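Peer 1: quick one: sequence and predicted model below, then my questions.
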Number of protein chains: 2
Amino acid sequence: MAEYRSLRERYSLLDLCRTPELAAEVTMQPVRRIELDAAILFSDLLLPLEPMGIPFDFVRGEGPAIERPLRSEDDLAAVRRFEPRQALAYVLDAIRLLRRELAGRVPLIGFAGAPFTLASYAIEGGHSTSFAHTKALMYGAPAAWHAFCERLVDIVSEYLIAQVEAGVDAVQVFDSWVGVLNARDYREFILPHTRRLFERLRPSNVPTIHFGVGTGAILGELAEAGGDVIGADWRTPLDEAWTRIGPDRAIQGNLDPTLLLGPIDRVFQAADDILARAAGRPGHIFNLGHGILPTTPLEHVQALARYVHQKTRR
Amino acid sequence: MAEYRSLRERYSLLDLCRTPELAAEVTMQPVRRIELDAAILFSDLLLPLEPMGIPFDFVRGEGPAIERPLRSEDDLAAVRRFEPRQALAYVLDAIRLLRRELAGRVPLIGFAGAPFTLASYAIEGGHSTSFAHTKALMYGAPAAWHAFCERLVDIVSEYLIAQVEAGVDAVQVFDSWVGVLNARDYREFILPHTRRLFERLRPSNVPTIHFGVGTGAILGELAEAGGDVIGADWRTPLDEAWTRIGPDRAIQGNLDPTLLLGPIDRVFQAADDILARAAGRPGHIFNLGHGILPTTPLEHVQALARYVHQKTRR
């Protein structure tokens, strides 16, 4: 969006995240221009790292860069809990501003990273394709891994509970990269922790969304770990994904975001296919299967949102 | 391997690929030190790009860098066929050297990239996570895409046939990154081309292996496109993958290569699980689910190969 790029000329990504008025403004930008049914808090998965004792920055064009990635059992053990109402007060302030500005027009969704995904950023030090350092620690030091994940669950659950107190209507848990694990490893190293995270969120009484990319082989396990809604990427057809998740859960997805870079007719065709697979069942949230790409034409997103509303409004 | 790193101190990756004696030497290094049942030609997927008119280099620590990535229909149309017996004679010479040196002890496997994977390197210009440029051209200019893939199939099939003539005993077709497509897009944009590639290889009468990463959702389509053996990564359990591929095909896989960075007991456990899922059926090639990582301890690979042989020898 032009208005976002214009802000980014003056402010860094972290400036925007850390300034409640700016974070609220960026959150509102798509709500004003696109027929969306919810606002998603503008923030970043990595913000909790700094108060955990893991400083990082964003390098233009390269993504996140952690100054001293965690590479040993001692590194994992040194990570500290913190009080999100102090350390991440700016996020909660943005939520309060948004709560007033949205005034109930659409719900506000907060979010945080799940244990594997947060751990992988902290351990790899940035983007990875193999997740070799993370998995080497996981396989090689399982006791330290489990203790680390327990701490991450404490941190993330407190952070999400604070977001709910500040006014979000739903929370999304991003285990974006957990699809690099097979079911066996997911069950051993991740599922118990993610389950505890969702259990901790239950008393907050808000809907929870659980999302990962490339999770076709572990959708059943993701659902078992928790989440009222399971997010699916575009690789698995929506009906198949829903069968694996189970009929008692809602599903979010699953248009390939790269489609929006191509002709709009093809976007509509793919939306038709997804809606046909959802078959009008309650509990489908139409969404992209992963994050929107920076080069996406705004008009395509606007047209898609209108199209899905036209096709589904009764 | 220490002997490989020692060569890399003196020669670049491309030097090794382009010097038949060195490529043959690097191919032999693992054969000498590990109980392998085949030798895999040391080479690189990108070598055909240069004679196609797409110069590139390898940037230390960053992987391949294409000088002028293909971004328009005209760029795609400008790519040229070439005579592999001239332009890639150094690869064929390495095969002839290896043929003599191996003297039938173990078979030699040659390889090349499949249309989507080659196209994605040429279009993205290097590694990608979203494959946004590639998919934008595929969705936005389907006629140019299909013409480009037809040319890639001509090029790759001629290259693989030349490898067979020079002496490889089997060929592996790497569609490493095609798992970013869902079945619908794979069927429309890739399957007809890959099928034609395997049809072109049939008269050569050597076994063909068809491999991709993260292809859990399209294993059936990959098998439909062709290959006597289908490679599976570690995400889908081997027995489930085999069911999707069909009982008439062989399967290759599927140990997570990151396991080799951890304790050997866990490697053996995972190998046991894979062998149990293969259930002693003929047509299983034990292999890693993706490329070996540079930090892998050689002793772990040696121990794994011995272990699998002990467990499967009758």
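Peer 2: Arrived safely, thanks for sending. Numbers count the residues shown, from 1 in each chain, chains lettered A, B, ... in the order given.

Peer 1: can you tell me the element A:Phe198 falls in?
Peer 2: Assigned by DSSP states H and E, A:Phe198 belongs to helix A:191-201.

Peer 1: brain fart, A:Ile251
Peer 2: Using DSSP H and E, A:Ile251 sits within strand A:250-255.

Peer 1: ok, A:Leu238 touching A:Asp256?
Peer 2: No. Using CB atoms under 8 Å, A:Leu238 makes no contact with A:Asp256, being 11.9 Å away. The way it works is simple: take the backbone N, C-alpha and C, and place the C-beta from them, glycine included.

Peer 1: what packs against the helix or strand in which A:Glu25 is found?
Peer 2: Assigned by DSSP H and E, A:Glu25 belongs to helix A:20-33. If you count contacts as 3 or more CB pairs under 8 Å, 6 or more residues apart in numbering or on different chains; DSSP states H and E, helix A:20-33 packs onto helix A:2-10, helix A:13-18, strand A:39-40, helix A:89-102, helix A:298-312.

Peer 1: can I get those in a markdown table with mean pLDDT and distance to A:Pro64?
Peer 2: As requested, the helices and strands packed on helix A:20-33 are exported to a markdown table (pLDDT from 0 to 100; distance: least, CB to CB, whole Å):
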| stretch | mean pLDDT | distance to A:Pro64 |
| --- | --- | --- |
| helix A:2-10 | 97 | 16 |
| helix A:13-18 | 96 | 9 |
| strand A:39-40 | 98 | 19 |
| helix A:89-102 | 98 | 17 |
| helix A:298-312 | 98 | 25 |
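
Peer 1: now render these as JSON lines, adding mean neighbour count and distance to chain B.
Peer 2: Formatted as JSON lines, the helices and strands packed on helix A:20-33 follow (neighbours: other CB atoms under 10 Å in any protein chain shown; distance: least, CB to the nearest CB, whole Å):
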{"stretch": "helix A:2-10", "mean neighbour count": "11", "distance to chain B": "17"}
{"stretch": "helix A:13-18", "mean neighbour count": "18", "distance to chain B": "18"}
{"stretch": "strand A:39-40", "mean neighbour count": "20", "distance to chain B": "19"}
{"stretch": "helix A:89-102", "mean neighbour count": "19", "distance to chain B": "26"}
{"stretch": "helix A:298-312", "mean neighbour count": "16", "distance to chain B": "11"}
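
Peer 1: want to throw those into JSON lines with distance to A:His133?
Peer 2: What follows is these, written out as JSON lines (distance: least, CB to CB, whole Å):
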{"stretch": "helix A:2-10", "distance to A:His133": "30"}
{"stretch": "helix A:13-18", "distance to A:His133": "24"}
{"stretch": "strand A:39-40", "distance to A:His133": "30"}
{"stretch": "helix A:89-102", "distance to A:His133": "28"}
{"stretch": "helix A:298-312", "distance to A:His133": "36"}
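
Peer 1: excluding chain neighbours, what is closest to A:Arg85?
Peer 2: In this structure, A:Arg85 finds its nearest non-sequential neighbour in A:Ala162, 5.5 Å apart by CB to CB, 6 or more residues apart in numbering or on different chains.

Peer 1: where do the helices sit along the stretch 201-314 of chain A?
Peer 2: All helices of the stretch 201-314 of chain A, identified by DSSP state H, counting those that start in this stretch, fall at A:219-225, A:238-245, A:264-278, A:298-312.

Peer 1: to B:Trp145, which of the ones you listed lies closest?
Peer 2: helix A:264-278 (12.4 Å; CB to CB).

Peer 1: which parts of chain A sit against chain B?
Peer 2: Residues of chain A lying near chain B by CB under 8 Å from any CB of the partner chain: A:127, A:129-132, A:135-136, A:138-140, A:179-185, A:214, A:216-218, A:234-237, A:256-259, A:261-263, A:266, A:270, A:273, A:290, A:293, A:295.

Peer 1: now a PyMOL select for only the buried ones of the residues you listed.
Peer 2: In PyMOL syntax, the buried subset of those is picked out as below (16 or more other CB atoms under 10 Å in any protein chain shown):
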select buried, chain A and resi 130+131+132+135+136+138+139+179+180+181+182+183+184+185+214+216+217+218+234+235+236+237+256+257+258+259+261+262+270+290
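
Peer 1: just the residues of chain A next to chain B: which are in strands?
Peer 2: Nothing among the residues of chain A next to chain B maps onto strands, per DSSP state E.

Peer 1: any idea how far the closest residue to A:Ala250 other than its chain neighbours is from chain B?
Peer 2: Using CB to CB, 6+ apart and skipping residues adjacent in sequence, the residue nearest A:Ala250 is A:Gly283, 3.7 Å away. Distance of A:Gly283 to chain B, given as CB to the nearest CB, to the nearest Å: 21 Å.
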